[in-house]
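[1] Just the structure for this:
(4 chains)
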4 protein chains.
Amino acid sequence: MIKVGIIGATGYAGGELVRLLLGHPEVKIVWYGSRSYVDQKYASIYQNMFQLVDETCMDDNMEALADEADVIFTATPQGLCASLVNEGILSRAKVIDLSADFRLKDVKIYEKWYGMTHKAPQFIDEAVYGLCEINREQVRGARLIANPGCYPTCSTLSIYPLVKEGLIDPATIIIDAKSGTSGAGRGAKTDNLYCEVNENIKAYGVASHRHTPEIEEQLGYAAGKPVVLNFTPHLVPMNRGILITAYASLTKDVSYEDVKAVYDQYYNKEYFVRVLEKDVCPQTKWVEGSNFVDVNFKIDPRTNRVIMMGAMDNLVKGAAGQAVQNMNLAFGLDEAEGLRLAPMFP
Amino acid sequence: MIKVGIIGATGYAGGELVRLLLGHPEVKIVWYGSRSYVDQKYASIYQNMFQLVDETCMDDNMEALADEADVIFTATPQGLCASLVNEGILSRAKVIDLSADFRLKDVKIYEKWYGMTHKAPQFIDEAVYGLCEINREQVRGARLIANPGCYPTCSTLSIYPLVKEGLIDPATIIIDAKSGTSGAGRGAKTDNLYCEVNENIKAYGVASHRHTPEIEEQLGYAAGKPVVLNFTPHLVPMNRGILITAYASLTKDVSYEDVKAVYDQYYNKEYFVRVLEKDVCPQTKWVEGSNFVDVNFKIDPRTNRVIMMGAMDNLVKGAAGQAVQNMNLAFGLDEAEGLRLAPMFP
Amino acid sequence: MIKVGIIGATGYAGGELVRLLLGHPEVKIVWYGSRSYVDQKYASIYQNMFQLVDETCMDDNMEALADEADVIFTATPQGLCASLVNEGILSRAKVIDLSADFRLKDVKIYEKWYGMTHKAPQFIDEAVYGLCEINREQVRGARLIANPGCYPTCSTLSIYPLVKEGLIDPATIIIDAKSGTSGAGRGAKTDNLYCEVNENIKAYGVASHRHTPEIEEQLGYAAGKPVVLNFTPHLVPMNRGILITAYASLTKDVSYEDVKAVYDQYYNKEYFVRVLEKDVCPQTKWVEGSNFVDVNFKIDPRTNRVIMMGAMDNLVKGAAGQAVQNMNLAFGLDEAEGLRLAPMFP
Amino acid sequence: MIKVGIIGATGYAGGELVRLLLGHPEVKIVWYGSRSYVDQKYASIYQNMFQLVDETCMDDNMEALADEADVIFTATPQGLCASLVNEGILSRAKVIDLSADFRLKDVKIYEKWYGMTHKAPQFIDEAVYGLCEINREQVRGARLIANPGCYPTCSTLSIYPLVKEGLIDPATIIIDAKSGTSGAGRGAKTDNLYCEVNENIKAYGVASHRHTPEIEEQLGYAAGKPVVLNFTPHLVPMNRGILITAYASLTKDVSYEDVKAVYDQYYNKEYFVRVLEKDVCPQTKWVEGSNFVDVNFKIDPRTNRVIMMGAMDNLVKGAAGQAVQNMNLAFGLDEAEGLRLAPMFP
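    Reported below is the predicted structural model:
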């Protein structure tokens, strides 16, 4: 049994980690960390876990936790993981960080977009960007895994093949993203009140959202050169789900079959990426509660652009599910262990 | 492996059966029946099942199905199961009927409330009412199981102990129920359109809903005499979930501890019924996607009434989950096999 | 022009007052009071008012306000109005209090249910309970009007005629109420976050909600004796709307026509109370944005009970709309002035 | 009083016309046309109109209607208005068509995108495209007004000034649009059921939506040359509201103030177009129920693109409200008569 500790277990991503790990046959959760609810019963915070989790919330003492756990998930605000992690911890336990602390390789870009000094830049090189479908081999055996952001996961997986194969001009990429409200976290803010979100849609973080450089970096690897793009997230009145609609100009005269063949080449053997059939548009509801990303595309011959679409559950493939997938890889387990949940509909 | 056939696999309850059975280690689905979508790929109707279900929809030929399956689930409109079932079928396969055809022991009451002639009254006596927590022993080995209605499951489990122990006067029972919209089915009706249901709540079937006699019959067994009560369902703008709030006059001067002890006596060993802690009100979200029923109560000394509350997922414990629980019992499996899903939040 | 001041203009009820008063031809708003947003542009808090309201938020100085306004609306938490009001203020401006401070005639009951000492008990006798359809004459010319609570408005109007005419036994009244989330206010609380409310329903304040004694007092006047009843509110995932479903035992053998005649007798000439046609259940969506209350009933001969139903918009007839209706009456205007908005659907 | 007839009064846009026209002081509705509900009370279809509208639904006999009405609104499926209108009708009554029949000047484009033969091409030239802020003068006195589509209204108003002033390259325009579900109409289709739309978002009509050529035509007038662009609509789980997020490359090195000045130049005097303050993103909720369009923009210096955003209520400014605005103009009334409703929040 892999002993798991979770720091930030009472946020939405932390709660989803608990849900998934309870169903994982090779795992035992030994630490429910929560700064806000120390000494309270975990199930009193998340009543869905009543009679399923008896444990009480612990603090975020990563040093102590590293003695008890084989792997530590940090589902915490930016900066916390970097401020806690050290060589002693990493020598005892693997760390899978769901925050952005180790996602960007260029510390200057991190510090600029996140507006804070990086507390542990010495580990940035070692950290593996845990987008399993792209970096599978590096994840195996890694000590420190940077779990990708929700928008970057959906965006990168939807666009990566066409950039890598040179079918689209990276300079023309525009990503228009839509997210459910759980992505905004469980903090008590007026903007996230039911009455403010319900029956409403808005863009936010226009031309300034922190996930932009993360997507640019990953697509830059595919392009073999720096990529600068537009990324606009929107807040949608639903709990879960991310949909991205991306636009780019085609570099060649390609048919539906040509593009489909490229997607198939990359994802044919990927359990968690489903390339939909022709003209079927991804819908977030079709992946809810699961670790799937559904992708598809449409060529517009009038404008010579391709519209790429991707849908996933932001709390699963966009956070906790991908973290478990990374854990499975890092510990040499079946990559899909504990993650073969069928999407729930309706 | 138990070979399962589903008639009505493309309704919401049928779809939920597929979701649950795909995760059941002892089951193989051999027949996806759907009158409306014969010869179409099942996953083209429910895209969540893309790459998980390759089969094509079949018709509702129960005779042919009985040769291929060990158990047949009928998730169909009232009357269909009764019109198809016969001794030959029951001798070859168990039938778990999710419709109301075999729930009521008095055929006259069935015909009055459902407005149709019962096509197979000869099987009513044999049929076991599959409310597992109450009728567990009869379900084991049964050939024909009447899976309880959604409202009756939640109502009966919430109220049964207090009636059985004589703590409340059955003549005073009033059940005010609230349901998500999946309970209305997938038929294309104006009343169930998004814009008609969203931002809206209404009562329906006031003093005339068909689940009334089913609840009355079950509580009547507990009371040892006929029970007549008020039951009012409401349509709530959410996909899943039933909440019942029930009222009854106390027959004795009892404390919180007295009543709690009664609930504990009935449900202490029941995995799927969770008696919440004092003053915690059940919420449908806390059980979503799971087979749990959360119950609790509050004594009002001012009026000498007890308010009983129960929450569950109408598609799981209220339909497909309970049907699987019944199948597990009927085939001698672990009752919770395939059903240990933690509720999904948010 | 009537000069209006609003204390608490940035809560949801305050915002609705602004919306309604902007469309009122006889009114000018001279004071947008808001403790939290003093000196900020009102339209920066409520962007819907951009270019419609240019004013900046003021504090809650009721003394100063009384010099500038003919009428002061207090849409504030319990206790504030009572702590500010005095003879000097009332001699200069009418006060319409949307909080509970002056709704209950028995100060002991107020202090018990609200858990605070009443700061101005000397005005309780003078205050008129502003349920216009019942107390119209007293409202005319009143200086201090206690605007009824949202649940009490809907409950009382739905039940009052049958109590008054002796058709139901008051001791058997049970009110099961359902409310949209705007009733919970705009405070930033975890429980009111989108992800906590959406796809969820729960009861709250069971056997302890503060609106209980208010309903009991009003129905007590109708009964001519004290009434004790059960009232259970529920939180529904929608912005606006209250639905009440009330149950009581009939005292006589009455027909549909008999009961309908009683409702018609009370509401035939009431513009804002609509007694629906037979078997049409009230829906909150049918009154959204308007000052209407839709009521109807159903007799259940099996249990000898009548089920009474009422639907209204909690922010309009349940708060701001009724406050304007009271203002109209108090100033001798057409009672419906500014309130003839048709409900918005969908 | 202007006598108004509505053909298609029981669709969502028709219902909204009724709501708005009931509050219009210069109008009397004389004909509630509805093919599906002939001879039924209008208020039995839309219970919100109970006691407000006593009339019974009529058929769609435009000939007879032209004798009784001064203006006819057709809120009907594509093709119906063109099949009914003729010179005799237009000589007796103005026609404001909410369908697409007379929006496109090139009949071949209409027939290609709508897949039907145009039945009255002889009136295309005469028809005025009723985007009031752009074509105000032509609308005055027009006999036949093509009321713009919902997406084109929001898209064109958000983008038009920058195209007209040459600040963006029209060949780079990409419009990503999001709409509430009322835009899909009241037809009973599975795809529009509550459970299919709720907790879900998807793109539809990708690279093929019929509003594309309408937007292209209008922006083409601004550009002075043909425009070809990408337009992708999405279905959002809310009743009302359209948000468009549009992207284009800047042709010049401009500052925020430069672009703001352009928007102000076009919309400073427009009551219904609100250019928001810097960094305030439009939200559909802030315009709900009103005829406003809120627009804003953000320059991204990294990509040299401008992101243009617009929000409006699809049933008001996107359909019924704009139709009334057109009627006001055509009859020489105050353009905002009956339309000064403040947006409703929450």
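
[2] Could you use CA atoms for every contact and neighbour count after this?
    Noted.

[3] Which residues does the closest residue to A:Met312 other than its chain neighbours form beta bridges with?
    Nearest residue to A:Met312, sequence neighbours excluded (CA to CA, 6 or more residues apart in numbering or on different chains): A:Val293, at 4.7 Å. Per DSSP bridges, the residues bridged to A:Val293 are A:Val273, A:Met312.

[4] A:Val293: neighbour count?
    By other CA atoms under 10 Å in any protein chain shown, the residues close to A:Val293 number 29.

[5] what stretches of the stretch 1-150 of chain A score poorly on pLDDT?
    Within the stretch 1-150 of chain A, not a single segment meets pLDDT under 70.

[6] Kindly report the residues of it close to chain D.
    Counting by CA under 8 Å from any CA of the partner chain, the stretch 1-150 of chain A comes close to chain D at no residue.

[7] what sits against the residue of the stretch 1-150 of chain A at minimum distance from chain B?
    Residue nearest to chain B within the stretch 1-150 of chain A: A:Asn48 (4.3 Å; CA to the nearest CA). Contact analysis of A:Asn48 by CA atoms under 8 Å, 6 or more residues apart in numbering or on different chains lists B:285-287, B:342-345.

[8] For stretch A:169-187, the averaged confidence score.
    Mean pLDDT, computed over stretch A:169-187, is 97.

[9] Okay, strands next: where are they in chain A?
    All strands of chain A, identified by DSSP state E, fall at A:2-7, A:27-33, A:71-74, A:94-97, A:128-129, A:144-146, A:174-179, A:202-203, A:230-235, A:242-249, A:273-275, A:293-300, A:305-312.

[10] mind listing what the residue nearest to A:Met312 touches?
    Going by CA under 8 Å, 6+ apart, A:Val293 touches A:154, A:272-274, A:287, A:310-313, A:317.

[11] Sort out which one of those residues lies nearest B:Ile134 for me.
    For the contacts of A:Val293, the minimum distance to B:Ile134 (CA to CA) is 35.6 Å, reached by A:Val287.

[12] Leaving out the residues flanking it, which one is nearest to the closest one?
    A:Pro343 (4.9 Å).

[13] tally of neighbours for that neighbour?
    Neighbour tally, A:Pro343, other CA under 10 Å: 22.

[14] Please name the residues that touch the residue lying farthest from the centre of chain A.
    What lies farthest from the middle of chain A is A:Arg302; by CA atoms, centre = their mean that is 34.0 Å. A:Arg302 makes contact with D:Val228, according to CA under 8 Å, 6+ apart.

[15] Could you pull up the residues touching A:Pro121?
    Here A:Pro121 is in contact with A:Val107 (CA under 8 Å, 6+ apart).

[16] Also A:Asn326?
    A:96, A:130, A:132, A:139, A:145, A:147, A:335.

[17] same question, A:Met308
    The contact partners of A:Met308, taken as CA under 8 Å, 6+ apart, are A:158-159, A:244-247, A:295-298.

[18] Go again with 6 Å.
    A:245-246, A:297 (CA atoms under 6 Å, 6 or more residues apart in numbering or on different chains).

[19] Ok, A:Val206 next?
    Listed by CA under 6 Å, 6+ apart, the contact set of A:Val206 reads A:Thr232.

[20] pLDDT score assigned to the nearest residue to A:Val306 once chain neighbours are set aside?
    Leaving aside its chain neighbours, A:Val306 sits nearest to A:Ile299 (4.4 Å; criterion: CA to CA, 6+ apart). With respect to pLDDT, A:Ile299 scores 98.

[21] same check, this time on the one 4 residues further on
    What the model reports as pLDDT for A:Thr303 is 98.
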